[in-house]
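Sharing a sequence plus its predicted fold:
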Amino acid sequence: MANENGTGVDTRDANGRSRNLANREENMQNDIQTSAASTPTSRVAANDRIDYDKIVVKPPTIGQRAYKYRYFYLMAIPVLIILLIFYYWPMLGIRYAFSQYTFREIATQTGPNYSDLFVNFKFLVTRSAFRYAFANTLILSIVKLLLSTVVTVVIALMMNEIAHQWGKKFVQTVLYLPHFLSWVVAASIFMLILSAGTSAAEGDLSNVGFVNSILIKLHILKAPVDFLTSTKHWRGVWYIMNLWKETGWGTIIYMAALAGISPDLYEAAEIDGANRFQQTIHITLPSLMNTILVVFILNLAKVMNVFESVFVLYNSLVYSVADVIQTYTYRVGIVGNDYGYSTAIGLFKSVISLILVTISNKVSEKIRGYGIV
Amino acid sequence: MTKKFNLFDPQYAARSWFIVFNSLFFILLMCVMIIPILKILSDSLVNETVYGLELWPKEFNLIAYKKIFTTESLIKPLGISVLTTLATTFFGLLISTLGAYVLIQKDMPGVKIFSTLLVFTMIFNGGLIPTFLVMKKIHLLNSLWAVILPMSMNVYNLVLMRSFFEQLPESLFEAAEIDGCTPMGIFYKIVLPLSKAALASIGLFFAVAAWSEYFHYVIYITSTDKYNFQYKLRDLFQDKQEADEGENINVNTLKSAAVIVSIVPFMFIYPFCQKYFMTGVTMGAVKE
């Protein structure tokens, strides 16, 4: 009898054990009966039988179980080492958030100065650059989240209507493509096609980028606009870049959900006289609602994590609309060497993230029965 | 239901119009996705200052590509990119499979703690500066390990790998155990060979992430001979160097060519591996 813990006796729990043994006893009795029937001379006395109820099997102690799994601890070691060094050790560094730790302390090698525990948090409240960064983080990622949810769902619904299987596959392959470009590449492509050129002369399109050239040819613009240095346009460009890169990929999960809707529902609706549009509104969308909510919640938990897409596209001219918490942390900490203050900003961000994830987890548990982490 | 659908049948006029509209919509959408890349490709082949509206190069001039593959300061980052991508994929798969294999041992004392330790890092971390200071303390600054090791430890991929492993029938492990196979043997001879699809999926995730990595280089790497190609590409766009070395090469042509060089590897791999990429996503969605 095979079992997981290899002690030779099934010891999972009392109920399991007794059931198991009872079965075995029954089998044995059957054997005995059949053998007795076939060979009447066989000598099987009742007192030869083992009384299974008297056998006491002790569950293995934790030490025995640990010994049995000794190789697994060995396997866990490399994972644990990396986990502890790169994830848990830095958590100890959070204490710098409560200290003065700037280039002065670094230069004199005195280490962090804990004389005023809340010095950095006072900065947080008073510095307008931080307020901008916080507001931009929320605006950029929430608008992006709403936009991408709507656009992705609409595209997934329409993609689902493509009857031609090969055509559908082709469309999907093309739409997923930008996802595999890095943010650096995506930003580079946008910089090139959005370039305003260097020539000052009006009407000279000799080194004006693709988008500006089109807009001027269509008489929408008179002179090229440098979209990426204009506070008016930067956010729009950023939203478009995000949509361009991730929308196609985002449809995968909805396509999977759409494939799971029972065709019976559509058949029934058709018999009831619903047209395709009514079917979409009354069957497809409600069936998709769960997935939409879950994806939305998952992304809501990541609202504070907007970083690389901004970092590769922004520049000092658009800090007021583009600077987010993480880029600000980078500039203050790595460039400006103010370790204390930047750790405090990071802590602020992490705590908000933690709260968001906890809420999302609760909501997710409500919706689909299990959490996100 | 009963009558066969016909695009030109007046009975189905509304449906026909929708199909036409839908097709046009997707053709347009595909253009939006492809044209920027096509434009860059075309610009990379024309050594002129004019961008213009042409989507097809008038001449085929490979001077920019030649420059990328002959300039020491551009070919070296490409090598670093390849090296770190291979290393990250290898270590990433190693860590994920080991961790996932430990995680599926439900009876192992301490496995709950292990799993909590892993998952907690998904929701909370020390932050940029404390991590940077740890790197500094263990002398990994300006070492490629500072990029490879943190990228190899991706909890999301590890959890995904666990979901794959959980689908393997438990009776296989039991049978192997009875035959005297050690846990290492089971891992190597049963778990890994049966998870080829999972290894392909997650290996591709690691490879794409490593190839695209940029920020770790910004923070941890300081010497120019250890930057990867993404970093170099970004440098080109910030007009830092390379453009003016006496050759008659247009800056924008060089930039475009660098973009193309950076995206070509995965553009080639991706259509053939789409299946693997997608299993990973839907798995991640359905199970945790």
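Great, that's in hand.

Find me whatever residue is spatially closest to residue A:288, sequence neighbours aside.
If the residues on either side of it in the chain are set aside, residue A:288 comes closest to residue A:257, at 5.7 Å by C-beta to C-beta, 6 or more residues apart in numbering or on different chains. Where C-beta positions appear, they are placed from N, C-alpha and C, glycine not excepted.

how much space is there between that neighbour and residue A:153?
Distance from residue A:257 to residue A:153, counting by C-beta to C-beta, to the nearest Å: 10 Å.

now swap in residue A:94 and tell me
Distance of residue A:94 to residue A:153, given as C-beta to C-beta: 39 Å.

Return the distance of the residue nearest to residue A:288 relative to residue A:152.
Remark: distance between residue A:257 and residue A:152 (C-beta to C-beta) = 12 Å.

Now residue A:315: phi and psi?
The phi and psi values for residue A:315, taken as degrees, to the nearest 10, are phi -150, psi 170.

List the contacts of it.
A:228, A:229 (C-beta atoms under 8 Å, 6 or more residues apart in numbering or on different chains).

returning to that earlier point: average pLDDT for the strand or helix carrying the residue nearest to residue A:288?
Using DSSP states H and E, residue A:257 sits in helix A:234-259. Mean pLDDT, helix A:234-259: 93.

list the buried ones in that helix?
Judged by neighbour count (16 or more other C-beta atoms under 10 Å in any protein chain shown), helix A:234-259 contains these buried residues: A:234-235, A:237-238, A:241-258.

returning to what we had before: if I look at residue A:257 and residue A:153, which residues touch both of them?
The contact sets of residue A:257 and residue A:153 overlap at residue A:288 (C-beta under 8 Å, 6+ apart).

Quick one: name the residues of the stretch 101-250 of chain A near chain B.
A:155, A:158-159, A:161-163, A:171, A:173-178, A:180-185, A:187-193, A:195, A:197, A:205-210, A:213-214, A:217, A:244, A:248-249 (C-beta under 8 Å from any C-beta of the partner chain).

of the residues you listed, buried ones?
Buried residues within these, counting neighbours by 16+ other C-beta under 10 Å: A:155, A:158-159, A:161-162, A:171, A:174-178, A:180-185, A:187-193, A:195, A:197, A:205, A:207-210, A:213, A:244, A:248-249.

Would you tell me whether the helix or strand where residue A:77 lies gets close to chain B?
Using DSSP H and E, residue A:77 sits within helix A:70-83. Yes: Helix A:70-83 reaches chain B (C-beta under 8 Å from any C-beta) through A:71, A:72, A:73, A:75, A:76, A:78, A:79, A:80, A:82, A:83.

got the contact list for the second one?
Neighbouring residues of residue A:72 by C-beta under 8 Å, 6+ apart: B:101, B:102, B:105, B:108, B:183.

sorry, back to before: going by neighbour count, list what's buried in the helix holding residue A:77.
Buried, per 16+ other C-beta under 10 Å, within helix A:70-83: A:72, A:73, A:75, A:76, A:78, A:79, A:80, A:82, A:83.

ditto for stretch B:121-137
Buried-residue list, stretch B:121-137, by 16+ other C-beta under 10 Å: B:121-123, B:125-135.

Which member of the residues you listed is positioned nearest residue A:229?
Residue A:229 lies nearest to residue B:128 out of the buried residues of stretch B:121-137, by C-beta to C-beta, at 26.3 Å.

I'd say that closest one and residue A:334 touch.
Yes: counting by C-beta atoms under 8 Å, residue B:128 touches residue A:334, with 7.4 Å between them.

helix, strand or coil for residue B:106?
Following DSSP: H, G, I helix; E, B strand; the rest coil, we place residue B:106 in the coil state.

ok, it to residue B:130 distance?
Residue B:106 is 34 Å from residue B:130, by C-beta to C-beta.

next one: residue A:170
Distance of residue A:170 to residue B:130, given as C-beta to C-beta: 47 Å.

what's the answer for residue B:274, then?
Distance of residue B:274 to residue B:130, given as C-beta to C-beta: 39 Å.

swap in residue B:233?
According to C-beta to C-beta, residue B:233 stands 29 Å off from residue B:130.

Domain parsing of chain A, as residue ranges.
Domain assignment of chain A by automatic domain parsing yields the ranges A:14-64, A:70-97, A:119-193+A:225-368.

likewise chain B?
As assigned by automatic domain parsing, chain B contains the domains B:1-61, B:71-286.

do you know which of these lies nearest residue A:323?
Between residue A:323 and the domains of chain B, the tightest spacing by C-beta to C-beta is seen for domain B:71-286, at 15.0 Å.

rewinding a little: what do residue B:128 and residue A:334 both touch?
Both residue B:128 and residue A:334 are contacted by A:342, B:219, under the criterion C-beta under 8 Å, 6+ apart.

Is there contact, residue-wise, from the worst-scoring helix or strand of chain B on mean pLDDT to chain A?
Here the helix or strand of chain B ranked lowest by mean pLDDT, DSSP states H and E is helix B:251-286, holding a mean of 81. Yes: interface with chain A: helix B:251-286 contributes B:252, B:255-256, B:258-259, B:262-263, B:266-267, B:270-271, B:274, B:277-278, B:281-282, B:285-286 (C-beta under 8 Å from any C-beta).

Turn the buried ones among those into a named ChimeraX selection, would you?
The following ChimeraX line selects those of the residues of helix B:251-286 next to chain A that are buried, judged by 16+ other C-beta under 10 Å:
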select /B:252,255,256,258,259,262,263,266,270,277,278,281,285
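
Let me know the helix or strand that residue 131 is in.
Reading this off chain A. Element membership for residue A:131, per DSSP H and E: helix A:128-160.

my bad, the chain I had in mind was chain B
Element membership for residue B:131, per DSSP H and E: helix B:128-137.

Now do that helix: which elements does it pack against?
With contacts defined as 3 or more C-beta pairs under 8 Å, 6 or more residues apart in numbering or on different chains; DSSP states H and E, helix B:128-137 has these neighbours: helix A:89-92, helix A:325-330, helix A:339-368, helix B:215-220.

buried stuff in the first one?
In this case it means helix A:89-92. Neighbour-count burial for helix A:89-92 flags A:89, A:90, A:91 (criterion: 16+ other C-beta under 10 Å).

Now do the helix or strand following that helix: everything it contacts.
With elements assigned by DSSP H and E, the helix or strand that comes after helix A:89-92 is helix A:103-108. With C-beta under 8 Å, 6+ apart as the test, helix A:103-108 has contacts from A:111, A:112, A:113, A:336, A:337, A:338, A:339.

For the fourth one, give its distance to chain B.
The reference is to residue A:336. From residue A:336 over to chain B the distance is 11 Å, taken as C-beta to the nearest C-beta, to the nearest Å.

and that residue, how many neighbours does it have?
Other residues within reach of residue A:336, judged by other C-beta atoms under 10 Å in any protein chain shown, total 13.

gap between the residue nearest to residue A:130 when sequence neighbours are not counted and residue A:328?
Of all residues not flanking residue A:130 in the chain, residue A:124 sits nearest, at 5.5 Å (C-beta to C-beta, 6+ apart). To residue A:328, residue A:124 is 11 Å away according to C-beta to C-beta.

In contact with residue 249, which residues?
Picked chain A for this. If you count contacts by C-beta under 8 Å, 6+ apart, residue A:249 has them with A:175, A:176, A:179, B:281.

um, chain B though
Neighbours of residue B:249 in contact, by C-beta under 8 Å, 6+ apart: B:47, B:63, B:64, B:67, B:243.
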